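1. Following is a predicted model, sequence given first.
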Amino acid sequence: MSFRSIVLAKQVPDTKNLTARAMKPDGTVNRAALPAIFNPHDLNALELGLSLSDEFGGEVILITMGPWMAAELVREALYRGADEAVLLTDRRFAGSDTLATSYALAQAVRKVGEFDFVLCGSQAIDGDTAQVGPQVAEKLGLPQLTFVQEIEEVTEAGIVVKRTIENGYERLRSRLPVLLTVTSEVNIPRPPRAKLIMQYKKARAPVEVRIEVERELEDYSGGDRPIRAACIGREEVIAKKTEEKIAALRAKGLLLNEWDVDRVEAEELRCGFAGSPTKVRKTESVVLRARVSKTYEPTAEGLKALVEELVQSRILG
Amino acid sequence: MPHPTKVWVVAETTGSKLSEVTLELLSKAAELARKLKTGVAAVLIGDSVEPLAAELIAYGADVIFLSEDKRLKDYLAAPYARVIARLLTEEKPEIVLYGATSAGRDLAPRVASEIRAGLTADCTDLKIGDHKDLKSGKVYRKILFQVRPAFGGNIIATIVNLDHRPQMSTVREGVMRMSQPDPKRRGEVIKVPVELSPEDFLVEVLERVKAERRVNLKGADIIVSGGAGVGSRENFGLIHEFAEVLGGEVGASRAAVDAGFISREHQVGQTGTTVRPKLYVACGISGSVQHQAGMCEAGKILAINTDPDAPVMSIAHYKIVGDLSEVIPRLIKAHKASGR
């Protein structure tokens, strides 16, 4: 008995650890200054796949969709022991809401082929919608077990889990294949392994290689030549250098898997902005507004005055 | 049908009763329907649930779409989603609201995927308005504005659906206010035939274990809440003690719950319980927008924090800058000395 698990993960801004650096002078958050991290619940999903593989044998394949920076998450999955990891990236995916995201991910899962489990975190800390898991399940025609807090039993015939509900849990049994979304209670994610970090830290996705080459050549672009000629020459040089570097990485087994819209045979109209029924009408940065307030000293006298005030306003007593 | 009913609520039952969030959503649905000059429908699914239709009508439903089947006794994502998706495809409502409960958050996205509709999670406000699309210049009249905090609560986003219908949202329990039921209201029950296949029943419920709700945050006059600043499960004892002295309930921020200081049923905020006490005491809570969404309607807010610049300080009526492990015992003493 062995299981093939596909883990879906997202790179998210670390909204939980707002540092002073990420605050703009007007009191709003500078999103670009937030560090990007592996969505915490998705680490639990990866851990579940890895532990199933440890116990029963099998394979863990991670898929993440995002901009080129999400290649870092692909490496991190490899550091932690994923057998394969895929970066799903394409400008045409930009602006995806949960419906378009789940469509793209479901197409990628189909591309991977046969599997026993699709494993997701219950939600991402940036949007907190918890929608993508159930939507991927529906698109693949899979049963779904969401907000799973404990795995009780796994056999070839099926899985028994505890699912978190209000003030309790329900025990559910499902046949395989099945999609699970897991909470942080389900396990404790293993740390990256030093050996795997050494093995993969130089691995790069093609999109990263191109960006690195572009940056390297930034210094050479000006000079005395006319700007237009320099640009044409530069474009060619970039393409050639990128190709060379990609070939070298591939030869060393350090080229990360990168899939685009065409590779997963997605319909363009169902991807990205075009494929997203929900649109953002407006966003307001939260600016903290002051209220009329009184400050009390943390001393016995100060606190006595506060209690008196509360009693007089008929709030206490 | 007596009315066209374009605003829908997917009803949820717990045991043999309707969930509170369903009644709250009906109140909101009735308000939205008045602005759209339409009626309200509720979808009621289960086994022998028809007696609940009268209550749905009293709270604002004009039409009940009733789907009864022995196999639908327990909530299950796949068959429930199948029934609802088929109904939505046939009846084409404008707006569909779900409770953001463990069942609603499981069900609504599955339905949205099946009918390829938009879905906005955990809305804190729903309004009707006109929207001009900046790209096409087209004006969309009387569409649903779905307001929700996002990005860890650092922004408030208004989400709209332009060309896709229905417009679907989930809302947490306690966010919308429940109106008084009117037992004289009339409504119509329409029975919906159930067509399901064995492929819709790959998941079975073995057991459902629910503790009685011990925490009553929604009804509390005084809530003493602790956040990450409390520091540990042991230190949370102080929060419990303070709440007991004041005769209030114990609340918590998500950070405190995630850190394991206290169980999730105590959580106040967008993804927890929305509360409206007379006094809300925030101890060691920085005050993310999500947390504020759940407590900003408190009559008075008292914040105790070591950081004078914590966001919670800007919405507090009473502020104490200091270490809660020193401040709270002094406050308890001062309260006892006041003889109340």
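-> Thanks, I have the structure now.
2. ok, then the element right after the helix or strand harbouring residue B:96?
-> Assessed by DSSP states H and E, residue B:96 sits inside strand B:95-99. Sequence order places helix B:104-115 as the next helix or strand after strand B:95-99, per DSSP H and E.
3. what about that next one, near chain A?
-> Yes. Remark: helix B:104-115 sits within contact range of chain A at B:105, B:106, B:107, B:108, B:109, B:110, B:112, B:113, B:114, by C-beta under 8 Å from any C-beta of the partner chain. In this view, the C-beta of every residue, glycine as well, is placed from N, C-alpha and C.
4. can you map out the helices along the stretch 101-250 of chain A?
-> A:132-139, A:194-200, A:206-218, A:227-251 (DSSP state H, counting those that start in this stretch).
5. Let me know which of those is tucked in deepest.
-> Highest mean neighbour count of those: helix A:132-139, a mean of 28 (counted as mean count of other C-beta atoms under 10 Å in any protein chain shown).
6. packing partners for that helix?
-> In this structure, helix A:132-139 packs against strand A:3-9, helix A:98-112, strand A:117-121, strand A:144-154, strand A:178-182, helix B:77-91, helix B:104-115, with contacts taken as 3 or more C-beta pairs under 8 Å, 6 or more residues apart in numbering or on different chains; DSSP states H and E.
7. Quick one, which of the ones you listed gets closest to residue B:243.
-> strand A:144-154 (26.9 Å; C-beta to C-beta).
8. For the closest one, which strands pair with it and how are they oriented?
-> The strands beside strand A:144-154 in its sheet (DSSP bridges) come out as strand A:158-165 (antiparallel), strand A:178-182 (parallel).
9. between the longest one and strand A:117-121, what angle do the directions make?
-> Using axes from the mean of the first three to the mean of the last three C-alpha atoms, to 10 degrees, the interaxial angle of strand A:158-165 with respect to strand A:117-121 works out to 20 degrees.
10. average pLDDT for strand A:158-165?
-> Strand A:158-165 comes out with an average pLDDT of 96.
11. so that strand versus strand A:3-9, what angle?
-> Strand A:158-165 and strand A:3-9 are oriented at 30 degrees to each other (the same axes, to 10 degrees).
12. now do the shortest one
-> Counting by the same axes, to 10 degrees, strand A:178-182 points 50 degrees away from the direction of strand A:3-9.
13. distance between strand A:178-182 and the chain's centre?
-> In terms of C-alpha atoms, centre = their mean, to the nearest Å, the centre of strand A:178-182 is set 16 Å apart from its chain centre.
14. hang on, the earlier thing: got TSV for the helices of the stretch 101-250 of chain A, with distance to residue B:222 and mean pLDDT too?
-> Converted to TSV, the helices of the stretch 101-250 of chain A look like this (distance: least, C-beta to C-beta, whole Å; pLDDT from 0 to 100):
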stretch	distance to residue B:222	mean pLDDT
helix A:132-139	38	98
helix A:194-200	51	97
helix A:206-218	55	91
helix A:227-251	62	84
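15. mind checking which of these is nearest residue A:309?
-> helix A:132-139 (48.5 Å).
16. any idea which of the strands paired with strand A:144-154 is most buried?
-> Across the strands paired with strand A:144-154, averaging neighbours per residue (mean count of other C-beta under 10 Å) puts strand A:178-182 on top, at a mean of 27.
17. which residues make contact with that strand from outside it?
-> Contact with strand A:178-182 is made by A:41, A:44-45, A:48, A:116-123, A:130, A:133-134, A:136-137, A:140, A:142-149, A:158-159, A:161, B:202-203, as judged by C-beta atoms under 8 Å, 6 or more residues apart in numbering or on different chains.
18. Just the CA atoms of it, as CSV, please.
-> Extracted C-alpha coordinates of strand A:178-182, given in CSV (Å, rounded to 0.1, in the frame of the first residue of the first chain):
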residue,chain,number,x,y,z
VAL,A,178,-10.3,12.5,-1.6
LEU,A,179,-9.4,16.2,-1.0
LEU,A,180,-8.6,17.3,2.5
THR,A,181,-8.2,20.7,4.0
VAL,A,182,-6.4,20.6,7.3
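19. ok and it relative to helix A:98-112, angle-wise?
-> Orientation of strand A:178-182 against helix A:98-112 (the same axes, to 10 degrees) gives an angle of 130 degrees.
20. ok so, going back, do you know which of the helices and strands packed on helix A:132-139 lies nearest residue B:28?
-> The nearest among the helices and strands packed on helix A:132-139, by C-beta to C-beta, is helix B:104-115 at 14.3 Å.
21. Name the next helix or strand downstream of the closest one, please.
-> Following helix B:104-115 in sequence, per DSSP H and E, is strand B:118-120.
22. before we move on, what SS does residue A:265 have?
-> Of the three states, residue A:265 takes coil under DSSP: H, G, I helix; E, B strand; the rest coil.
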